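K.L.:
quick one: sequence and predicted model below, then my questions.
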Amino acid sequence: MPQGNSAPLLTGSLIRERRLALGLRQGDVAQAIGISASYLNLIEHNKRKIGADVLEKLAQVLGTEVASLSEGAGGALIDDLRAAAATVAGVRAELERIEDFAGRFPGWAEVLAAQHRRAAQLERAVGALNDRLTHDPYLSASLHDVLSALSSVRSTAAILADTEDIDPDWRARFHRNLHQDSERLAAGAEALVAYLDGSDTPMEQGFASPQEEVEAWLAGRGWQLAELEAPDGQALLQAEVAGLASAAARKLAGAFLDQAAHEARLLPEVALRRAWERGEDDPAQIAAQVGLPVLAVMRRMALMPGVQAGLVICDASGTLLFRKPLDGFALPRYGAACPLWPLFAALARPMTPIAQRIEAAGRATRPFRTLSICETRLPMGFAGPALREAGMLIMPDAVPARGDAVLVLGSSCRICPREACPARREPSILAEASAQ
Amino acid sequence: MTARVLLIEDEPNITEAIRFILSRDGCDVTALADGTGALEAVRQVRPDLVILDLMLPGISGLDILSQLRADPATRGLPVMMLTAKGQGRDREAAERAGADHFMTKPFSNDDMRAAVRALTQG
């Protein structure tokens, strides 16, 4: 396993991928940084560890950050592989060689990770469908209507068929009832088919929640809503939102869009970028200047093109309402997050800002700085409940100096390697693997 | 003996069909379209059997059943519940509350006649 100052073996694959994407020749890149082409070839095929100085030069030539070569997509891939290993009981995957595996067989690793994601999506879709059949009040009421009409048809038709001496008035009445019920049945069946048809798409895509569907939409746009800077931009985006598969996701995305448009009007990108370029990247300061809530400025920062920032927002129950991931800092796709996140510390202390440097447990990861705050809303005034919402902005950080307080935390317990964590809720697959 | 049947069912066409087949079998059928006057109707009609739809507007069939079972005067009154497929949990609750028989919609007229005969002649 690569340790110390050297980057993980997987780095080679990332370098090669980046170089090929830029259309650069191996020989030219090697020459530019003063190493031989054959040595670069060995590095790219993960057969040689790469020193920090070479990595820095390579990052310069390839026009990227060191961190995105040493972690980048690889971090997410490895998280997916770990999660895949966690799902199969009774099979001991060689977790200690996970980076080696991803480095040597990047294609197969991607296939495995993609299969795992697909399986997880389908499992959630099945769960959601099952839940819908059991608890969905619309479906339950519609089926009841259909069964009632059918019941009446069956009973009435049998009376007409079996009763030879039926009175003409009764006969006419039962014919009328049959006609009414058959119309009700047709309408009920049509409504059911339309309902089930309409819910096919999000289920098949595995969006167990409307929130997930909205996030997939935002991720597909690179988490940017640049259109909102133009006067008629919201209408363009509304057209996109109308194309989302489920009605609940359309409603959620519509509300998000209204909020984002409002915040964009009060804090246009030009103003935010100017502040950013002056080195003013403290959302609380900007919020004070423009008279917006801090969470609103955090959202603006996280959605600004070209800015590397992740954002999570939760409500008073700790449920994550918004998740914009950042390379190298994994967010749980579903299930509960790490309780050590400063986000939750902020939730417990409304309006107390928490600035905290963090590092993901385990792998040699880059550090991040986080800014968290919890705000309270009173949508129903003093008479109604006070609603808390906490946000945590996550930004890449310089390597902290010795003695700086850095909080080591994880994504979620199941895939976190920090065995002796006092906040652990359930065993990690990594601990289980090493115990075997 | 003419059996008195109190039918509490909100679907008028089902009510009409049941009333027809049971009347031809010699029953005296009183029908109610919702559950709010059920207990009062039981006191007035003094039925030999109550046929009760599980899903009623206003007050549910399950609540009516519980009230009937809580009153010493109606504790032993035979009650047939009309249920629809997919109401498994409600049916279990009705079983616990003391329903005597279940008829699942859509039912056959012969099954309905046979069940009513069994419940009123016991």
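P.N.:
Thanks, I have the structure now.
K.L.:
contacts and neighbour counts: CA atoms only from here.
P.N.:
Fine.
K.L.:
got the contact list for the residue of chain B found nearest chain A?
P.N.:
Chain A sits closest to B:Pro106 of chain B, with a gap of 3.9 Å, by CA to the nearest CA. Contacts for B:Pro106 were tallied using CA atoms under 8 Å, 6 or more residues apart in numbering or on different chains; they are A:147-148, A:150-152, A:154-155, B:84.
K.L.:
and B:Arg69, by the same measure?
P.N.:
So B:Arg69 contacts B:75-76, B:97-98 (CA under 8 Å, 6+ apart).
K.L.:
rebuild those residues as CSV, extending it with neighbour count.
P.N.:
Below are the contacts of B:Arg69 laid out as CSV (neighbours: other CA atoms under 10 Å in any protein chain shown):
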residue, neighbour count
B:Arg75, 15
B:Gly76, 12
B:Ala97, 17
B:Gly98, 17
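K.L.:
least confident pick among those residues?
P.N.:
Minimum pLDDT for those is recorded at B:Ala97 (87).
K.L.:
close enough to count as contact, that one and B:Ile64?
P.N.:
No. With contact defined as CA atoms under 8 Å, B:Ala97 and B:Ile64 do not form a contacting pair (10.1 Å).
K.L.:
which phi and psi values does the residue of chain B closest to chain A adopt?
P.N.:
Taking degrees, to the nearest 10, you get phi -80, psi 130 for the backbone angles of B:Pro106.
K.L.:
for the chain, what spans make up the strands?
P.N.:
I went with chain A, as the question did not name one. In chain A, the strands defined using DSSP state E lie at A:310-315, A:320-324, A:354-360, A:368-377, A:387-396, A:406-409.
K.L.:
right idea, wrong chain: chain B
P.N.:
Using DSSP E, strands in chain B cover B:4-8, B:28-32, B:49-53, B:79-84, B:101-105.
K.L.:
lowest confidence element among the helices and strands of the chain?
P.N.:
Using chain A here. Every helix and strand of chain A was ranked by mean pLDDT, DSSP states H and E. The lowest is helix A:200-204, at a mean of 48.
K.L.:
chain B is the one I meant
P.N.:
Min over SSEs of chain B, mean pLDDT, DSSP H and E: helix B:88-97 (a mean of 80).
K.L.:
now do that helix against strand B:79-84, angle only.
P.N.:
Angular relation of helix B:88-97 and strand B:79-84 on a 0 to 180 degree scale: 170 degrees, by axes from the mean of the first three to the mean of the last three CA atoms, to 10 degrees.
K.L.:
against which helices or strands is helix B:88-97 packed?
P.N.:
The contact analysis (3 or more CA pairs under 8 Å, 6 or more residues apart in numbering or on different chains; DSSP states H and E) places helix B:88-97 against helix B:61-70.
K.L.:
bridging residues for the spatially most central residue of chain B?
P.N.:
By CA atoms, centre = their mean, the mean C-alpha position of chain B lies nearest to B:Ile51, the distance being 1.1 Å. Per DSSP bridges, the residues bridged to B:Ile51 are B:Leu7, B:Met80.
K.L.:
so for it, what's the pLDDT?
P.N.:
Note on B:Ile51: pLDDT of 96.
K.L.:
wait, what's in contact with it?
P.N.:
B:5-9, B:79-82.
K.L.:
from the residues you listed, keep the buried residues only.
P.N.:
Neighbour counting over those (16 or more other CA atoms under 10 Å in any protein chain shown) leaves B:5-9, B:79-82 as the buried ones.
K.L.:
dump those to CSV, plus pLDDT.
P.N.:
CSV is the format used below for the buried ones among the contacts of B:Ile51 (pLDDT from 0 to 100):
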residue, pLDDT
B:Val5, 96
B:Leu6, 96
B:Leu7, 96
B:Ile8, 95
B:Glu9, 94
B:Val79, 96
B:Met80, 95
B:Met81, 93
B:Leu82, 91
